[in-house]
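Engineer: Predicted model follows, preceded by the sequence.
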Amino acid sequence: MTAGTEQAGTTELAHGFCFGEGPRWFEGLLWFSDMLGEAVHTVNLSGSMTTLPVPGHSPSGLGFRPDGTLLIVSTQRRQILRYDGDSIELLADLGDLVPAALGDMVVDESGRAYVGSQARTDGVIVCIDTDAAADPVRVVAEHLDFPNGMAITPDGTTLIVAESTARRLSAFTISPDGGLTDRRVFAEGLDGPPDGIAIDAEGGVWVALTLAHEFQRLAPDGSAVTDRVDTGGRTAIACALGGIEGRTLFLVTTTDAYPERLVGTKLSRVDALMVETPAPGDHDTHHHH
């Protein structure tokens, strides 16, 4: 964040990786992928990092199941991996189902995973439900314009997906069986292509707008921008809410919107910013003033 555009209270948390994606807060750590560095990293609130190598994969979307299993999207191989804290194994191969490389993922409270396949006009969302006897892996939405970041509303009823090339967010109602129905526009005419998104306890949606060099918070009905965070010319890739009271917004940025131009660089970083509305759910409240 360059001088003059620094947000009050924005602090750098981590740097030195190639292309960060898929940030998720889980049990005191921010987890994120380095898509080009073939690794999944963690960083804690004091900036201490760990590295989980994922050689041969370009990891992007991440998500945690209720039992703590980490799911990892392998973008080019079109696979979902699972990490139990010990070893990484193949959970599902989506090669026969999807038209393009995979991108982001969101995991719901029951452990079902929704994964986007990033075709420019015929993108799809696949639901992976290993408890479903009939269809553990199935396409639940199609004809999306480069589906990217996804989030589920605090009440668990709605999935919101960023459609990058269309500069819009779309919403779906989540059926009891995990299907997606009643597609509708949540917000359109965005100031740039949306990438990663995060949702807060009020249903407000934080969106990384890559080429606009901004993170924005959209009102719960999608009608207005309530907050803007300028990145100082950096490319806004993805964001997550977490931290002690759920009120830290983690901002993943890099220097170019086109990953292939960044191979071999270490210019991606994670910044942290305190925000008013926390993440959904219960938080460690020992630090209230």
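Structural biologist: Received it, and whenever you're ready, just let me know what you need.

Engineer: in which helix or strand would I find Val106?
Structural biologist: Val106 belongs to strand 102-107 when assigned by DSSP states H and E.

Engineer: so after that strand, what's the next helix or strand?
Structural biologist: Next element after strand 102-107 (DSSP H and E): strand 113-117.

Engineer: what angle sits between that next one and strand 102-107?
Structural biologist: 160 degrees (axes from the mean of the first three to the mean of the last three CA atoms, to 10 degrees).

Engineer: Residues contacting strand 113-117, please?
Structural biologist: Strand 113-117 is contacted from outside by 61, 63, 71, 73, 78, 80, 94, 97-108, 123-129, 140, 144, 147-148, 150, 159, 161, 180, using CB atoms under 8 Å, 6 or more residues apart in numbering. Where you see a C-beta, it was placed from the backbone N, CA and C, and this is true even at glycine.

Engineer: got the CA coordinates for it in CSV?
Structural biologist: This file holds the C-alpha atoms of strand 113-117, laid out as CSV (Å, rounded to 0.1, in the frame of the first residue of the first chain):
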residue,chain,number,x,y,z
ALA,A,113,-17.8,-28.4,-1.2
TYR,A,114,-18.7,-26.1,-4.1
VAL,A,115,-16.0,-25.7,-6.7
GLY,A,116,-16.0,-23.4,-9.8
SER,A,117,-14.6,-24.3,-13.2
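
Engineer: Filter the contacts of strand 113-117 down to the buried ones.
Structural biologist: Buried subset of these (neighbour count, 16 or more other CB atoms under 10 Å): 61, 63, 71, 73, 78, 80, 94, 98, 100-108, 123-129, 140, 144, 147-148, 150, 159, 161, 180.

Engineer: got the contact list for Leu209?
Structural biologist: Going by CB under 8 Å, 6+ apart, the list of residues near Leu209 reads 190-195, 215-216, 236.

Engineer: meant to ask about Gly149
Structural biologist: Contacts here follow CB under 8 Å, 6+ apart; on that basis Gly149 touches 104, 161-162, 194-198, 207-208, 238.

Engineer: Which helix or strand contains it?
Structural biologist: With DSSP H and E as criterion, Gly149 is part of strand 147-152.

Engineer: Can you name every helix or strand that the helix or strand just after that strand contacts?
Structural biologist: Where DSSP H and E defines the elements, the next helix or strand beyond strand 147-152 is strand 158-163. Judged by 3 or more CB pairs under 8 Å, 6 or more residues apart in numbering; DSSP states H and E, strand 158-163 is in contact with strand 123-128, strand 137-144, strand 147-152, strand 168-174, strand 194-199.

Engineer: one more time with 6 Å, if that's ok
Structural biologist: Under the contact criterion of 3 or more CB pairs under 6 Å, 6 or more residues apart in numbering; DSSP states H and E, strand 158-163 touches strand 147-152, strand 168-174.

Engineer: with the contacts of Leu209 in mind, which one is nearest to Ser268?
Structural biologist: Ala236 (11.7 Å; CB to CB).

Engineer: Local confidence estimate at His15?
Structural biologist: On pLDDT, His15 comes in at 93.

Engineer: Quickly note the distance from Gly123 to Ala151.
Structural biologist: If you measure Gly123 against Ala151 using CB to CB, to the nearest Å, the figure is 17 Å.

Engineer: What of Asp122?
Structural biologist: Separation of Asp122 from Ala151 (CB to CB): 22 Å.

Engineer: Same drill for those two, tell me which one is more crowded.
Structural biologist: Ala151 (26 against 13; other CB atoms under 10 Å).

Engineer: Within the helices and strands, which one has Arg82?
Structural biologist: strand 79-83.

Engineer: can I get the CA coordinates of that strand in CSV?
Structural biologist: Output of strand 79-83 as CSV, limited to C-alpha atoms (Å, rounded to 0.1, in the frame of the first residue of the first chain):
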residue,chain,number,x,y,z
GLN,A,79,-8.8,-32.3,-8.9
ILE,A,80,-9.8,-31.8,-5.3
LEU,A,81,-7.2,-32.9,-2.7
ARG,A,82,-7.7,-33.5,1.0
TYR,A,83,-5.2,-32.9,3.7
